[in-house]
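Novice: requesting a structural model of the entry that follows:
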Amino acid sequence: MATFTERMAPVLVLWLAVSLSGTWAVDKGNFKTCDQSSFCKRQRALKPGESPYRALLETMELTNTRLTLQLINDNNKVRLLLELYRLQGNITRVKINELKPLKLRYEVPDVLIRDPPTEPLSLLSQDENGVVLSLGAESQRVIVSARPFRLDIMEGREVLMSLNSRGLLAFEHLRMRKDTFSYKVTSTVASVWDNIKRVFSSSQADPEAEKKEETDPAKQAETAKEEEEKVEDGMWEETFKSHSDSKPNGPSAVSLDFSLPGVEHVYGIPEHADTLRLKTTENGDPYRLYNLDVFQYELYNPMALYGAVPVMLAHNAQRTTGIFWLNAAETWVDISSNTAGKTVFGKMLDYVQGSSETPQTDVRWISESGIIDVFIMLGPTPKDVFAQYASLTGTQAFPPLAAVGYHQCRWNYNDQEDVTSVDAGFDEHDIPYDYIWLDIEHTDGKRYFTWDPHKFASPKEMLQGLMDKKRKMVAIVDPHIKVDTNYKIHNEIRSRSFYIKNKDGGDYEGWCWPGSAGYPDFTRADMRDWWASMFAYDQYEGSMENLYTWNDMNEPSVFNGPEVTMHKDALHGAWEHRDVHNLYGFYVQMATAEGLIQRSGGVERPFVLTRAFFAGSQRYGAVWTGDNAAEWDHLKVSIPMCLSLGLVGISFCGADVGGFFKSPSTELLVRWYQTGAYQPFFRAHAHLDTPRREPWLFGPENTALIREAVRQRYTLLPYWYQQFYHAHRTGQPIMRPLWVEYPEDPATFALDDEFLIGRDLLVHPVTEEGARGVTAYLPGKDEVWFDVHTFQKHNGAQNLYIPVTISSIPVFQRGGSIIPRKIRVRRSSSCMMHDPYTLYVALNPQRTAEGELYIDDGHTFNYEKEFIHRRLSFANNLLSSVNLAPDAQFSTRSWIERIVILGASKPSKVILKTDDGQESQLEFDFDSSMSVLTLRKPGMNAGVDWNVMLQ
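Specialist: Below you'll find the predicted structure:
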């Protein structure tokens, strides 16, 4: 018979979940404000002014690869070490650490894909006030000012960015606690030594001895009076609600300010449910970066959510720059602006009165522990910044083609029969899909890597049934492990001592879905290797090659922990959890993706979805925006949330279609499918307590509308896949704000209700209830855009009002582009593998167009050598296909079955010339009312050279 604890575990977990979710709205009291986070409150209390830090220029050392320089805090005589590097690709790296810390401070490993290659720094000038260093290209230089310490990065006469210009550099040095025995011994010895020195010292002061004193750790205990005497609440112990943080290392926060002259628009630092353009924070909390499990989060505020990417982009019409703050501890980001709050009238008044105040945005980063390690990406274009960041942290993983299709999920499909029924429902209603998902209820008592023996008794039979239809499954594997001596996974982790430890050295345990759970220490490489090995087919019983993985709850979520997460004084070997917190989900996804690769012998590309993430997570799979709600505002905010993620490298983003919590109206559900079909990750998901919402349950009219949205996704899969290929190769975002492609157009800078997919598709989803029209901004002064549904041509640089009905999805193709589609939609993407292409050629005012065609096997790593990549171009009435990768070996059975030219004139005849020299005349239709020319059945193979001449 089960023990009382075992029987009560599900009840307790349900009670905790209900307590956390309340009435399906976030309980903000569960999460800290800046005032409740002692280091944030302490650092924010420092006001701009003259910095206590000065640079000791006599300590400067300049080698071919770096500059080092000591800084001293004149208030407490603690010295820091500044390291400055010029990196390849127009990046400057600044590191600041204690010169002689009591113990090592944490530096983030594994996020950078390599030790960034450096370029030579050269000294241009030096005097007692500072030094000037050349950054090479474009007359860029760094000015290091000594008193007070300040860094300015300049190009010509223009200041691009300043560090510590507001004097907010702060570095809480590690110190011994005053009321400990070791501190008292050290202080006593230091005091006695001082008395001895005074007795024997001569009247002549020795400046070298003074310098040595300043760097003596024992002396620091005596001279750091100002900081030592002012012990504030939360420095050595902190309590939040019923939770205590023991803080054995004391205060260790770091902070630095950055000034951005000429900048009014900053972006990034996801994840927040907020607008694309970041707001100023003077009148509220800073933006918080601290991975947390937040039930049905509140919109349009700076609260922390599931992931944290400490990267900010700054943009104006002349330049784009970026700041990458490499720190995995809890972080807060303050933003202020000298133009914030000014109305349009106020700005006009400034102009009329001749006000010469240059717009400026000031940003301040505050982290609880670690060091200052910041990469300043100097652009100058948006695409340069994306390439610079990709050179540091890598690019978006190239997913299998099927993962770019539609995913059907809910918590939970009840059993194998339910899965079979839902799968059949898609066929019956002629709606394609690629993956069906299983949440936590598919396991044997929330034991991951297992199956419920009654509901999912024959998982391989179920998976084979999906495989026969060329479909796949995703099953959840969370990182909290049920504490149960009859559970193999738990026993192995415990026997290998792989669990995170509590502050007293025992295995850390918290409550999550299984009840009492342990948390594997994914910061350990040996733990990650073991975890990866558990995905082998002979270890993960019932798994097959069409089973993929979803990592949820990996912030980590601890239902009975502070802020629903892990205690900060838990231990990962030598490091506290506070040092590594934001890395945990990154490591879980890393290990899981490696497991899926290893199980196939390194052949198959993995697909892994994660909820928690950090810088570099793009290398391992997809993310989603977490536990949203079936509300119109949640639909709207999915756009800026995914745009923000794309700007910092994570392109594979989506939101739960329909909303996770609550039940959507049929109108909201339809509009969400129409929006989700044009976002990179396209998955419907719903909470356990919501009514079922498979696409055919809302009447035939709504089924038809949803079917059409999903089919539009599948016709565009060639284009979507091409965008993923480019994101993987270059780091450019897939779903991107308009300003990325139109960086000089201020009208695009704050737009976040429309977006581009790649360069060539503009989407303005309908996100207002009962909407009868939307106004879309079409950019590009000398450009044209074609409605993809009607082929109507519109000029760029205008706000276009578009009447809409419930079936409308406003999408436009840029004039000057060629987009491949597959019009024959089948039950899954794999079923369409060998189907023919239709090319949509949209002519610009110069009557030219360019595009690409990318094809590979859709699922293996062979794409690195075996693929087709062709340039499609139209000019002088000649449409041609040219091989961009002559060394890549791949063949396709697909052919070109139709070419549609928008903005065309009627030819007298059309001639096709193939690579074997054969010529033939093609049939065509011409719609003179819309200037659309359709070439029917040209029939050439998609992988060969050909020309089509309009005569």
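Novice: quote the end-to-end distance of stretch 260-274.
Specialist: Using CA to CA, to the nearest Å, the span of stretch 260-274 from its first residue to its last is 22 Å.
Novice: in that stretch, what counts as buried?
Specialist: Within stretch 260-274, the residues that qualify as buried by neighbour count (16 or more other CB atoms under 10 Å) are 260-274. The way it works is simple: take the backbone N, C-alpha and C, and place the C-beta from them, glycine included.
Novice: and stretch 57-65, by the same measure?
Specialist: 57, 59-60, 62.
Novice: and for stretch 528-542?
Specialist: Along stretch 528-542, the positions that meet the burial threshold by neighbour count (16+ other CB under 10 Å) are 528, 530-535, 540, 542.
Novice: so what's residue 909 closest to, chain neighbours aside?
Specialist: On the basis of CB to CB, 6 or more residues apart in numbering, the spatially nearest residue to residue 909 that is not a chain neighbour turns out to be residue 951, at 5.2 Å.
Novice: quick one: that neighbour and residue 910 touch, right?
Specialist: Yes: with contact defined as CB atoms under 8 Å, residue 951 counts as touching residue 910 (7.2 Å).
Novice: so the two - more neighbours on which side?
Specialist: Each of residue 951 and residue 910 has its neighbours counted (other CB atoms under 10 Å); residue 910 has more, 22 against 9.
Novice: contacting residues around the more buried one?
Specialist: With CB atoms under 8 Å, 6 or more residues apart in numbering as the criterion, the residues that contact residue 910 are 921-922, 924, 935, 948-951.
Novice: residue 863: which of those residues is nearest?
Specialist: Closest approach to residue 863 among the contacts of residue 910 (CB to CB): residue 948, at 28.0 Å.
Novice: the closest one bridge partners, please.
Specialist: Each beta-bridge partner of residue 948 is listed here: residue 879, residue 912, as defined by DSSP bridges.
Novice: picking that back up, which members of the buried residues of stretch 260-274 are the farthest-apart pair?
Specialist: So for the buried residues of stretch 260-274, where distance means CB to CB, the most widely separated pair is 261 and 273, at 30.1 Å.
Novice: where's residue 381 relative to residue 808, distance?
Specialist: Residue 381 sits 34 Å away from residue 808, going by CB to CB, to the nearest Å.
Novice: more crowded one of these two?
Specialist: It is residue 808, of residue 381 and residue 808, that has more neighbours when counted by other CB under 10 Å, with 19 against 12.
Novice: quick check, that one in contact with residue 790.
Specialist: No: with contact defined as CB under 8 Å, residue 808 does not count as touching residue 790 (10.5 Å).
Novice: distance check, residue 174 against residue 254.
Specialist: Relative to residue 254, and taking CB to CB, residue 174 is found at 12 Å.
Novice: the more surrounded of these two?
Specialist: More crowded of residue 174 and residue 254, by other CB under 10 Å: residue 254, with 28 against 19.
Novice: if I look at residue 644, how far off is residue 685?
Specialist: Taking CB to CB as the measure, residue 644 and residue 685 are separated by 21 Å.
Novice: those two: which is more packed in?
Specialist: More neighbours surround residue 644 than the other of residue 644 and residue 685, with 28 against 23 (other CB under 10 Å).
Novice: in three-state terms, label the more buried one for me.
Specialist: Secondary structure assignment for residue 644 (DSSP: H, G, I helix; E, B strand; the rest coil): helix.
Novice: please renumber so the chain begins at 58
Specialist: Renumbered: residue one is now 58, and that last one reads residue 701.
Novice: how much space separates the nearest residue to it once chain neighbours are set aside from residue 787?
Specialist: On the basis of CB to CB, 6+ apart, the spatially nearest residue to residue 701 that is not a chain neighbour turns out to be residue 327, at 4.4 Å. Here the distance between residue 327 and residue 787 works out to 20 Å (CB to CB).
Novice: equivalent analysis for residue 187, please.
Specialist: Relative to residue 787, and taking CB to CB, residue 187 is found at 38 Å.
Novice: the more surrounded of those two?
Specialist: Under the criterion of other CB under 10 Å, the comparison of residue 187 against residue 787 puts residue 187 first, with 18 against 14.
Novice: so who does the more buried one touch?
Specialist: The neighbours of residue 187, taking CB under 8 Å, 6+ apart as the test, are 112, 114, 200-203.
Novice: what does residue 700 give?
Specialist: Remark: with contacts taken as CB under 8 Å, 6+ apart, residue 700 is in contact with 333, 790, 792-794, 809, 812.
Novice: could you rerun that using 7 Å?
Specialist: Applying CB atoms under 7 Å, 6 or more residues apart in numbering to residue 700 gives the contacts 333, 792, 794, 809, 812.
Novice: including secondary structure and neighbour count, could those go into TSV?
Specialist: Listed next are the contacts of residue 700 as TSV, based on DSSP: H, G, I helix; E, B strand; the rest coil; neighbours: other CB atoms under 10 Å:
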residue	secondary structure	neighbour count
333	coil	22
792	strand	26
794	coil	28
809	coil	19
812	strand	26
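Novice: for the residues you listed, which one is nearest residue 944?
Specialist: Nearest to residue 944 among the contacts of residue 700, counting by CB to CB, is residue 792 at 31.2 Å.
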